[in-house]
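**Q** Here's my sequence, what's the structure:
(one chain, ligands or ions: 1)
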Amino acid sequence: MNYFNVPKIDLHCHLDGSVRPQTIIELARLQGLSLPSEDIDEIKTLMVAPETCPNLDEYLSRFELPLSVMQTQEAIERISFEVFEDAAKENVKYLEVRFGPQLHQQQGLTFGQIIDSAVKGMRKAEKRYDIHGNYILSILRTFAKDKINDIIDAGAKHLNDGVVAFDLAGSELPGFCHEFIPYAQYAIEKGYRVTIHAGEQGSGQNVHDAVSLLGAERIGHGIHIKGHEQAYDLVKNQAIALETCPSSNVQTKAVDALSDHPVKAFHKDGVLISINTDNRTVSNTTMTDEVRKVVEEFNLTPEEYFDIYKVSVEHSFASEAVKQHLLSFAP
Ligand SMILES: [Zn+2]
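**A** Okay, here's the model as predicted:
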C-alpha cells in the first residue's frame, strides 16, 4: 500500500498543535515578538514533544509557543490555511480541525473574530486544493465556564457551513462530564454535533458519561473503554466512533507502546475506529505516518484500511454531498 497516495481522512487534529515551525518564526517577526531562538531546529525542538513524555504537562507545554503567535486574525487565518494545505498535500481528502477559541484572546480578539478567521483560512485552502473540512470548537475543561455559551453562539453562524461540533478538551478528571451537561445540551439545541475527549488519561467511565450524559456521537481517543465493560458495550452498541491518535497516545503514555494499542482489537471486535493525527507538529506526524504505523504494526490489509476509511466518512460531521464525494475515493 502506498501510504502517501492512499486517500485519508483526519477527524481529530488540533490547530495549535499543527503549526509549521517556520511560520512561528515568520509570525513572531511580523508581530515584533521575541522568540527563545531564531533557529528553525531549536524552534522545532520546543514544539515537538518527546516520543514518550514524562507526563501530560510536558506534552501540553509544547502548545505555548504556537499560541503566543496565534493572537491576531491574520495569524489564525494563515495557520488554518497552512494546516489544510499540509494535509491536502499528503492526500487527506477531509479534515476536521479543532481549537479552543478561549486560547486566542490574549490581545482582545472576540470569539466571532477568532472563529471567522479559522473558517476563512480553511475556505481558502478548500478553493485551492482537493480537500474539504470543518471546524470543531473545543471548550477547555479547566477554564471558567461563564464564556462557554458565548463561544457556542459565536460559532453558530457557521453551523454546518464551516463549524460542526462541540468538544471538551484539556486535562481529563474523573466525572468531568457532570459539570458540562447544560453546555452540551445548549450546543445540541443550537445544532452542534458532539465529540468529547474521554478515556485518554481518564477512565472508561468518562467515556460512558460523555455518551450518556453529553450526547457524544464520537469520542476523542476512548482507549480506556478497554477493561470497562459498560463503556465498551455502550460504545459498541451505539456505534460511537473512536478517534484514535496512535503516536499521540504513545507520547502521552495513554498506552505503553504502539504494539499495546487496542485499536486492532477494537476494530476486530466491531468497535468503530478512525485513525487521526491529534497534533501534526507536537506529535511530529502526518496522516501518512499514522496510517503507515497502524497498517504495519497490526498487519492490516488494504481492505481493512478502507473499512476504517469508510467508518471515518460515515462518522464525520461532513454534509451528505461531501460524504458521497469522499466515498468515491474508496474502491
Ligand atoms: Zn485531542
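
**Q** Going by residue numbers, what spans are strands in this protein?
**A** 8-14, 92-99, 132-140, 163-169, 193-198, 218-221, 241-244, 273-275 (DSSP state E).

**Q** dump the residue contacts of the closest residue in space to residue 86 that isn't next to it in sequence.
**A** Nearest in space to residue 86, with sequence neighbours left out and distances taken as Cβ to Cβ, 6 or more residues apart in numbering, is residue 280 at 6.6 Å. All C-beta atoms are positioned from the backbone trio N, CA, C, and that covers glycine. Residues in contact with residue 280 (Cβ atoms under 8 Å, 6 or more residues apart in numbering) are 13, 17-18, 83, 86-87, 286.

**Q** And the strands of the chain: which comes nearest residue 309?
**A** strand 8-14 (6.3 Å; Cβ to Cβ).

**Q** quick one on the thing from earlier: put together JSON lines for the strands of the chain, with distance to residue 61 and mean neighbour count on each row.
**A** JSON lines is the format used below for those (distance: least, Cβ to Cβ, whole Å; neighbours: other Cβ atoms under 10 Å):
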{"stretch": "strand 8-14", "distance to residue 61": "14", "mean neighbour count": "28"}
{"stretch": "strand 92-99", "distance to residue 61": "18", "mean neighbour count": "26"}
{"stretch": "strand 132-140", "distance to residue 61": "15", "mean neighbour count": "25"}
{"stretch": "strand 163-169", "distance to residue 61": "16", "mean neighbour count": "25"}
{"stretch": "strand 193-198", "distance to residue 61": "18", "mean neighbour count": "28"}
{"stretch": "strand 218-221", "distance to residue 61": "20", "mean neighbour count": "28"}
{"stretch": "strand 241-244", "distance to residue 61": "23", "mean neighbour count": "25"}
{"stretch": "strand 273-275", "distance to residue 61": "26", "mean neighbour count": "24"}
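
**Q** mind giving me JSON lines with the ones you listed and columns for distance to residue 119 and mean pLDDT?
**A** Below are the strands of the chain laid out as JSON lines (distance: least, Cβ to Cβ, whole Å; pLDDT from 0 to 100):
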{"stretch": "strand 8-14", "distance to residue 119": "15", "mean pLDDT": "98"}
{"stretch": "strand 92-99", "distance to residue 119": "10", "mean pLDDT": "98"}
{"stretch": "strand 132-140", "distance to residue 119": "6", "mean pLDDT": "98"}
{"stretch": "strand 163-169", "distance to residue 119": "7", "mean pLDDT": "98"}
{"stretch": "strand 193-198", "distance to residue 119": "16", "mean pLDDT": "98"}
{"stretch": "strand 218-221", "distance to residue 119": "21", "mean pLDDT": "98"}
{"stretch": "strand 241-244", "distance to residue 119": "21", "mean pLDDT": "98"}
{"stretch": "strand 273-275", "distance to residue 119": "23", "mean pLDDT": "98"}
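
**Q** Go through stretch 107-123 and flag the buried ones.
**A** By 16 or more other Cβ atoms under 10 Å, the buried positions in stretch 107-123 come out as 109, 111-123.

**Q** Now do the longest helix along the chain against strand 163-169, angle only.
**A** With secondary structure taken from DSSP state H, the chain has its longest helix at helix 111-128. Relative orientation of helix 111-128 and strand 163-169, computed by axes from the mean of the first three to the mean of the last three Cα atoms, to 10 degrees: 120 degrees.

**Q** For helix 111-128, give the mean pLDDT please.
**A** Across helix 111-128, the average pLDDT comes to 98.

**Q** which other helices and strands contact that helix?
**A** helix 73-88, strand 92-99, strand 132-140, helix 148-156 (3 or more Cβ pairs under 8 Å, 6 or more residues apart in numbering; DSSP states H and E).

**Q** who touches the second one?
**A** So that's strand 92-99. 7-16, 18, 80, 83-84, 87, 118, 122, 130-138, 164-165, 167, 169, 287, 312-313, 316-318, 322, 325-326, 329.

**Q** Just want the angle from it to helix 111-128.
**A** Using the same axes, to 10 degrees: strand 92-99 against helix 111-128 is 170 degrees.

**Q** all numbers from here: first residue = 575
**A** Noted, 575 is the first residue going forward, which turns the last one into strand 666-673.

**Q** Report the strands that pair with strand 666-673, each with its relative direction.
**A** Here strand 666-673 is paired, per DSSP bridges, with strand 582-588 (parallel), strand 706-714 (parallel).

**Q** For those strands, give me JSON lines that also has distance to residue 645.
**A** What follows is these, written out as JSON lines (distance: least, Cβ to Cβ, whole Å):
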{"stretch": "strand 582-588", "distance to residue 645": "17"}
{"stretch": "strand 706-714", "distance to residue 645": "16"}
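
**Q** Mind checking the ones you listed for the one nearest to residue 870?
**A** That would be strand 582-588 among these, by Cβ to Cβ, at 15.3 Å.

**Q** a markdown table for the strands of the chain, including distance to residue 873?
**A** Below are the strands of the chain laid out as a markdown table (distance: least, Cβ to Cβ, whole Å):
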| stretch | distance to residue 873 |
| --- | --- |
| strand 582-588 | 19 |
| strand 666-673 | 23 |
| strand 706-714 | 31 |
| strand 737-743 | 32 |
| strand 767-772 | 29 |
| strand 792-795 | 23 |
| strand 815-818 | 17 |
| strand 847-849 | 15 |
